[in-house]
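> 3D, please:
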Amino acid sequence: MSPENNPAFNDATPEALHNLSGLEFLQHILDGRIPPPPISILLGFHPVELEKGRVLFAATPDARLYNPLGTVHGGFAATILDSCMGCAIHSRLKAGQIHTTLELKVNYIRAMTADTGEIRAEGKVIHVGRKSASAEGRLTDTRGRLLAHATTTCLILSSGRSSDAAS
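Just a heads-up that it's a prediction; the model follows:
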């Protein structure tokens, strides 16, 4: 079912969700109470573990993600790492706070193909301040081999709701 045809997406509005902490919001996605973001559906990754300051995603790359060289495009690794690190930061935010990526640095170690099998992307918070946060991420295969690693810096913002001013 496409996201626009899924009735659950009608309930996942910013207005309905701004009272949830970042951890609560992500837990609702993990539990299926809130539908996953369209990018994770498109690229086939999903959360498998969640705790405050740490998120683990899983995916199984296939030939649909190939570049002209016959390997998984580096943008896939960058996207799943950006997502897991951003979610790790989001898990530390209060209700009414949002984040956006300011900087992303990815180091590619091994190429991925359809034969790589399931991969795991783990994001861990390094620091959360009042206005910015940083995190690190590791992308590994099921044998524990490092495929890529990354760091990010995110800007922390208010969601712009009037009730946020009181927090």
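> show me what contacts residue 39?
By CB atoms under 8 Å, 6 or more residues apart in numbering, the residues touching residue 39 are 79, 83. Just so you know, the C-beta spots here come from the backbone N, C-alpha and C atoms, and that holds for glycine as well.
> helix or strand right after the helix or strand harbouring it?
Applying DSSP states H and E as the criterion places residue 39 in helix 38-43. Moving toward the C-terminus from helix 38-43, the next helix or strand (DSSP H and E) is strand 45-51.
> Let me see the ranges of the helices in this protein.
14-17, 22-31, 38-43, 74-90 (DSSP state H).
> Just put those in JSON lines and tack on mean pLDDT.
Converted to JSON lines, these look like this (pLDDT from 0 to 100):
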{"stretch": "helix 14-17", "mean pLDDT": "58"}
{"stretch": "helix 22-31", "mean pLDDT": "95"}
{"stretch": "helix 38-43", "mean pLDDT": "96"}
{"stretch": "helix 74-90", "mean pLDDT": "98"}
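> want to try JSON lines for those, with distance to residue 141 as columns?
Formatted as JSON lines, the helices of the chain follow (distance: least, CB to CB, whole Å):
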{"stretch": "helix 14-17", "distance to residue 141": "34"}
{"stretch": "helix 22-31", "distance to residue 141": "22"}
{"stretch": "helix 38-43", "distance to residue 141": "17"}
{"stretch": "helix 74-90", "distance to residue 141": "12"}
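> need the strands for the protein, in chain order.
45-51, 54-59, 97-108, 119-128, 132-141, 146-158 (DSSP state E).
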